[in-house]
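Colleague: Provide a 3D model corresponding to the input given below.
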Amino acid sequence: MGDRAAEFAHPSSGDGGARPAEQLADVARIAEAVRGVVQARATMVSRVVDSEWLEVVVVAGTPSRDDLAGHRWRRAELEAILREAEQRGRLHLTTRRSVSYVEVPPEAWHLPGLLGLLLAPLHNAHGDLVGVLTTEGPVHTVDPDPGVCDLVELYVDQARLALEGLYERGVLSERLRLTDAGLSVLDDATRADDVPAMLDSVAVGLSRMMRAAATWACAEVSPGVHAEAASYPDAVAARLGPEVCTLLEPLVEECRREGKALTQASSPLLGRLARVTGHDQALLVAVGEDAEARGALLLLRLADDPPWSAAEHDAARAVARRIGTVVTRLEGRRRDQQVVDELRELDQYRRDLVASLTHDLKTPLTAISLNTELLESDRRLEEAGGHPVAAIRRSADRLAGLVDDLLALARTEEGGVSGRTEVGDVSEILRGACRHAEVQAQHRGITFSVDMPEQLTAKVDADALARVYANVVSNAVKFSLPDGEVRLTLRRDGEVVELVCADDGIGIAPADQAAVFDMFRRSDDPLVRIVPGTGVGLAISHRIVTRLGGAIGLESTPGEGSTFTVRVPG
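Modeller: You can find the predicted model right below:
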């Protein structure tokens with residue numbers, strides 16, 4: 001409980017630091033003069049700390065104990081003594097009470113005997129108590145000399161003026177310090193790149209500004225989005241995670257609605273949170289100044305630290321309001337950057353689309369044009385060395401395949417996968433995928449090795465799954481080496497239908513594997529570039545499988561082949 005203010009500059013006493021030496025000297029001379037006039041053993045002058053505490057700032061003479069300076073005693077005790085004391089003008093005399101100070105339990109130390117106490121409350125022009133002058137006996141309380149009382153009252157006026165000046169100067173100094181420190185905290189906050197970094201900065205800055213043992217800060221990035229939290233020191237965040245922001249919501253809303261700060265004295269929950277982190281005192285303020293709070297600041301102190309002053313309440317609330325604006329600004333900056341990034345990606349997507357379609361559509365159309373010219377002349381038909389109608393058919397089929405892929409992409413992006421499931425034979429769907437790639441496989445001498453049950457019944461979206469299987473099997477055939485083998489395994493794994501499609505083709509480089517399911521992404525590998533394709537088949541398959549609630553994975557080793565695994569609920 002010891003609350004000694006070393007050198008009269010307790011870090012949280014709210015007096016703005018060390019008191020001016022010349023004013024303390026004036027108070028000390030007045031205290032010594034009063035002691036001489038009433039022939040008391042000691043005279044003490046105490047200042048008002050807040051609504052609960054008084055603090056001894058000057059001691060003259062030899063009191064019953066020699067370490068009174070800096071100790072505190074309760075204003076309630078002063079009021080109780082004044083109620084029982086005999087009033088002589090502005091002076092109060094009593095022999096029945098003595099003062100107990102906060103460092104020593106009440107029963108352990110009092111002024112011994114029925115020694116007299118003379119008390120003179122010191123009020124400013126507004127009637128507010130700013131301090132009290134107290135003498136420690138013996139004081140003649142039966143019939144004091146009126147001249148003595150008048151003289152003491154003159155000294156009391158001087159003590160009041162000196163203490164009032166000391167008080168006003170201290171309050172002004174402290175408020176200026178808090179204002180400057182608050183501006184520094186906000187300046188650092190506005191320099192942060194994002195909300196988490198801003199909260200880290202605020203936690204450190206507020207701990208210094210408020211002379212707190214610890215600070216915990218949280219902010220809701222945007223309505224309905226998870227909160228971010230930070231603390232100083234970091235260990236506090238390990239005990240108070242972002243979820244505490246939700247726990248504090250009723251108290252934070254009370255702070256915002258009533259425009260005030262809450263402490264452990266007004267909220268048992270704050271007291272429990274303080275003790276969880278190894279502290280005893282808590283001060284809570286709401287972040288934001290709009291119709292809705294954006295977060296909270298929780299400042300913590302130890303039991304021996306002084307309570308939060310009114311100036312500290314006001315300063316913490318002012319900073320918290322401005323932090324809400326910073327959070328909004330940072331979130332706006334993040335959204336703007338996200339829009340910029342999305343626009344850049346969209347522009348790149350458009351350019352890739354145009355380049356890919358221009359190349360892949362131009363080639364078959366050119367072939368169609370040339371072969372059509374051959375049909376116009378029998379001589380050219382003879383010189384072609386082959387049947388031009390077949391060439392036209394192949395080119396037309398390739399063009400139709402490109403159009404099908406683009407239509408499938410559009411449907412997938414627009415949520416066109418129906419999601420309608422019905423009981424069907426997945427084995428038959430895989431057979432259809434093999435038939436779809438059979439001509440190309442035969443042309444390149446590639447064989448299928450299929451391991452599947454004759455019938456595998458499952459509840460699936462047959463049309464969507466057929467396109468996925470066709471894309472995966474066709475992809476394996478395209479990138480297999482001539483005379484290679486595509487191995488297909490279809491099985492049920494609990495509630496999931498799994499297809500494993502493995503080839504012994506050129507494989508996929510590790511650097512390209514992460515983007516293999518991205519739209520219009522094709523490897524720069526020359527062996528890949530010579531294989532016709534648009535880079536949309538696997539991307540479409542990935543989107544379809546995701547919408548079906550499944551997953552598609554890849555394992556590949558360059559030069560050895562690739563294995564795709566498709567798993568869908570069934």
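Colleague: could I have stretch 466-481 exported to CSV, CA atoms only?
Modeller: C-alpha atoms of stretch 466-481 as CSV (Å, rounded to 0.1, in the frame of the first residue of the first chain):
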residue,chain,number,x,y,z
ALA,A,466,-18.2,-35.3,-66.4
ARG,A,467,-16.5,-32.0,-67.4
VAL,A,468,-14.0,-32.3,-64.6
TYR,A,469,-13.1,-35.9,-65.5
ALA,A,470,-12.9,-35.0,-69.2
ASN,A,471,-10.5,-32.1,-68.5
VAL,A,472,-8.3,-34.1,-66.2
VAL,A,473,-8.0,-37.1,-68.5
SER,A,474,-7.6,-35.0,-71.6
ASN,A,475,-4.8,-33.0,-69.9
ALA,A,476,-3.0,-36.2,-69.0
VAL,A,477,-3.2,-37.4,-72.6
LYS,A,478,-1.9,-34.1,-74.0
PHE,A,479,1.1,-33.9,-71.7
SER,A,480,2.1,-37.6,-71.9
LEU,A,481,5.0,-38.7,-74.0
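Colleague: pLDDT on that stretch, on average?
Modeller: What stretch 466-481 shows for mean pLDDT is 87.
Colleague: which parts of that stretch are buried?
Modeller: For stretch 466-481, burial by neighbour count (16 or more other CB atoms under 10 Å) applies to 466-481. All C-beta atoms are positioned from the backbone trio N, CA, C, and that covers glycine.
Colleague: check stretch 83-91 too.
Modeller: Neighbour counts over stretch 83-91 (16+ other CB under 10 Å) mark 85, 88, 90-91 as buried.
Colleague: reformat the residues you listed as TSV; add secondary structure, distance to Leu247 and pLDDT.
Modeller: Shown next, in TSV, are these (DSSP: H, G, I helix; E, B strand; the rest coil; distance: CB to CB, whole Å; pLDDT from 0 to 100):
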residue	secondary structure	distance to Leu247	pLDDT
Ala85	coil	48	79
Arg88	strand	55	73
Arg90	coil	51	77
Leu91	strand	52	80
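Colleague: just flag the most distant two among these.
Modeller: By the measure CB to CB, the buried residues of stretch 83-91 have their two most distant members at Ala85 and Arg90, which lie 11.9 Å apart.
Colleague: of the buried residues of stretch 83-91, which is the nearest to Met198?
Modeller: Nearest member of the buried residues of stretch 83-91 to Met198, counting by CB to CB, is Arg90, at 53.4 Å.
Colleague: so that closest one makes contact with Val156?
Modeller: Yes - the pair Arg90 / Val156 is scored as a contact, 6.3 Å apart, by CB atoms under 8 Å.
Colleague: common neighbours of those two, please.
Modeller: Residues touching both Arg90 and Val156 (CB atoms under 8 Å, 6 or more residues apart in numbering): Ala120.
Colleague: domains of the protein?
Modeller: Annotated domains of the chain cover 6-174, 175-334, 414-569 [automatic domain parsing].
Colleague: and those, which is most packed in?
Modeller: With neighbours defined by mean count of other CB atoms under 10 Å, none of these is more surrounded on average than domain 175-334, at a mean of 19.
Colleague: mind listing the helices for the stretch 401-550 of the chain?
Modeller: 426-444, 462-478, 510-513, 526-529, 537-547 (DSSP state H, counting those that start in this stretch).
Colleague: among those helices, which comes closest to Cys245?
Modeller: Nearest to Cys245 among these is helix 537-547; the distance by CB to CB comes to 32.1 Å.
Colleague: average pLDDT across stretch 260-280?
Modeller: 91.
Colleague: give me the residues contacting it.
Modeller: Outside of stretch 260-280, the residues within contact range by CB under 8 Å, 6+ apart are 213-214, 216, 236, 239-240, 244, 247-248, 251, 254-255, 281-285, 298, 300-303, 307-308, 313, 316-317.
Colleague: in strands, which of the residues you listed appear?
Modeller: Counting by DSSP state E, those place 214, 216, 281-285, 298, 300-301 in strands.
Colleague: circling back to that earlier point, what is the nearest of the buried residues of stretch 83-91 to Gly259?
Modeller: Nearest to Gly259 among the buried residues of stretch 83-91, with distances taken as CB to CB, is Arg90, at 37.4 Å.
Colleague: where in the stretch 151-300 of the chain is pLDDT low?
Modeller: For the stretch 151-300 of the chain, the stretches flagged by pLDDT under 70 are 221-226, 290.
Colleague: tell me where it has helices.
Modeller: Here the stretch 151-300 of the chain has its helices, by DSSP H, counting those that start in this stretch, at 195-209, 235-239, 243-247, 249-258, 268-276.
Colleague: want to throw these into TSV with distance to Asp180?
Modeller: Listed next are the helices of the stretch 151-300 of the chain as TSV, based on distance: least, CB to CB, whole Å:
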stretch	distance to Asp180
helix 195-209	9
helix 235-239	25
helix 243-247	29
helix 249-258	24
helix 268-276	27
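Colleague: relative to Arg65, which of those is closest?
Modeller: Per CB to CB, nearest to Arg65 of the helices of the stretch 151-300 of the chain: helix 268-276, 31.6 Å.
Colleague: what angle separates that closest one from helix 249-258?
Modeller: Here helix 268-276 runs at an angle of 120 degrees relative to helix 249-258 (axes from the mean of the first three to the mean of the last three CA atoms, to 10 degrees).
Colleague: restricting to C-alpha, output helix 268-276 in PDB.
Modeller: Output in PDB follows, covering the C-alpha atoms of helix 268-276 (Å, rounded to 0.1, in the frame of the first residue of the first chain):
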ATOM      1  CA  PRO A 268     -16.000  -5.800 -11.500                       C
ATOM      2  CA  LEU A 269     -15.200  -7.300 -15.000                       C
ATOM      3  CA  LEU A 270     -12.400  -4.800 -15.500                       C
ATOM      4  CA  GLY A 271     -11.000  -5.700 -12.000                       C
ATOM      5  CA  ARG A 272     -11.000  -9.400 -13.000                       C
ATOM      6  CA  LEU A 273      -9.300  -8.600 -16.300                       C
ATOM      7  CA  ALA A 274      -6.700  -6.600 -14.500                       C
ATOM      8  CA  ARG A 275      -5.900  -9.400 -12.100                       C
ATOM      9  CA  VAL A 276      -5.700 -11.900 -15.000                       C
END
